[in-house]
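predicted structure and sequence below. I'll ask about it afterward.
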Amino acid sequence: MREVAQWLARALRVREVVGSSPAFPTCMTSNVWQTIERPIMALAPMEDVTDTVFRRVIADCGRPDVMFTEFTSADGICSSGHDRVVHRLRYTEKERPLIAQIWGITPEHYEQSAEMIRKLGFDGIDINMGCPVKKIINQGACSYLINKPDLATDIIQATQHGAGELPVSVKTRLGFGEIATEEWIGHLLDHDIDALTIHGRTVKQMSEVAADWNEIGKAVKIRERKGKSTPILGNGDVENLWQAYELAERYRLDGVMVGKGVFRNPYFFAHGWEAEDVSKEEKLRLFTNHVRLYEDEWQGEKNFNVMKKFLKMYINGFPGASHMRGELFRYESASDMIEALASLTPHQTFSDRI
Ligand SMILES: Cc1cc2nc3c(=O)[nH]c(=O)nc-3n(C[C@H](O)[C@H](O)[C@H](O)COP(=O)(O)O)c2cc1C
């Protein structure tokens, strides 16, 4: 346990160094899932995307009501290799309210991780019971727990034990091979969890069919039948804020979670800003800022190539975008990329300059 304590101390130090001005009261003790005004608009957890830097970029564009970290392995946190996973739990005050998402197969590790996450000052803990990635479900984790409801129960209870007063939520899918809203969502609602996010697909469906919002709506009816008040958030294929509000109202949801929608429009959560309203100049400015923040945060820790996956998010939707992406893709360092971006005048593309 000494190693884990050392890690915790290091993680806390990181937070102090990185910390910026608080956007949410640090001393908040109440349950975020109870206090946020409805409908709750949440930024989805996305592996290798929603790190501390990305969350700050999105918070600057238009703040969602709540954000999630990338999923972090509870078994990894409690192992001697914890250094390889804990970077996922870095954050600044600007990103709060912030929920740490964890996954794994060992209830005791959930308990210990929850205890640490509480000490790190997060606003909640979310358990990943939805990830469909083969190498994860082969370990019996995440969405595989849909097939193991008793283990899911043990994990929820262990996490709640470690979390103390901190709210514990679950994010899941509608079923594993088949839609099992009645059984699986019903099972989860039998627990006193603080919130439930439902991605409207089964595991087998991956992302190949449209999200089934009628089925998400069914979960609300099951909750009512059980006499529960667990906040339910729907998730899947939401393209703009207007649609998110419309879905929340139509299905009487407490909130909506949005993932890929922010790739199309970083201003997704800003009222009145449609994807078409974001100019080429603004996209270049946002990308430059993202590269700078990434370099400040991760230099020497994460490969710069990871940053290139964001090219498509910013360099799109204007004439010459595809060519510009190709040119920018060749840069191997943040400084070269920033210099190249700075050399583009507001109305220039690379081809204009040749
Ligand atoms: C690149 C990527 C990474 C993801 N990583 C996670 C994750 O770490 N935890 C999780 O619960 N879901 C993860 N998801 C699923 C999303 O949170 C969300 O449920 C899914 O993308 C559907 O919502 P959307 O249509 O709004 O994107 C990921 C999705 C994407 C595209």
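Now that the structure is in, tell me what you want to look at. These figures come from a predicted structure and were not determined experimentally.

leaving out chain neighbours, which residue sits closest to the closest residue to the ligand within the stretch 251-354 of the chain?
Going by Cβ to the nearest ligand atom, the ligand is nearest to Gly259 of the stretch 251-354 of the chain, at 2.7 Å. In this view, the C-beta of every residue, glycine as well, is placed from N, C-alpha and C. Sequence neighbours aside, Ala44 is the residue nearest to Gly259 in space, at 3.5 Å (criterion: Cβ to Cβ, 6 or more residues apart in numbering).

for the one you found, give its distance to Met257.
5 Å (Cβ to Cβ, to the nearest Å).

give the intersection of the neighbour lists for the two.
Common neighbours of Ala44 and Met257 are listed as Asn235 (criterion: Cβ atoms under 8 Å, 6 or more residues apart in numbering).

list the contacts for the spatially closest residue to Arg84 that is not a sequence neighbour?
Among residues not flanking Arg84 along the chain, Gly76 sits closest, at 6.8 Å (Cβ to Cβ, 6+ apart). Counting by Cβ under 8 Å, 6+ apart, Gly76 touches His82, Arg84, Val85, Gly104.

now, which of those lie within helices?
Of these, none are assigned to helices by DSSP state H.

OK, contacts around the residue nearest to Gly259?
Thr50, Phe68, Asn235, Met257, Val258, Gly259.

can you name the residues bridging to the second one?
For Phe68, the residues forming beta bridges with it (DSSP bridges) are Ile99.

so it sits against Pro97, correct?
No. Counting by Cβ atoms under 8 Å, no contact exists between Phe68 and Pro97, whose distance comes to 10.1 Å.

more neighbours: which of the two?
Neighbours per residue (other Cβ atoms under 10 Å) separate Phe68 from Pro97, with Phe68 holding more: 26 against 20.

what helix or strand is the residue most central in space within the chain on?
Nearest residue to the geometric centre of the chain (Cα atoms, centre = their mean): Pro45, 1.6 Å. Element membership of Pro45, judged by DSSP states H and E, is empty: it is in no helix or strand.

so what's the residue lying closest to Asp51 once chain neighbours are set aside scoring on pLDDT?
Nearest non-adjacent residue to Asp51, counting by Cβ to Cβ, 6+ apart: Glu70, 6.4 Å away. Glu70 is assigned a pLDDT of 98 by the prediction.

contact partners for Glu70?
Pro45, Met46, Glu47, Asp48, Val49, Thr50, Asp51, Arg88, Gln101.

give me the three-state assignment for it.
At Glu70, secondary structure determined by DSSP: H, G, I helix; E, B strand; the rest coil is coil.

how near is it to the ligand?
Distance of Glu70 to the ligand, given as Cβ to the nearest ligand atom, to the nearest Å: 5 Å.

check Asn138 too.
17 Å.

just Ile102 next, same as before
10 Å.

could you do Asn240 as well?
Per Cβ to the nearest ligand atom, Asn240 is found 11 Å from the ligand.
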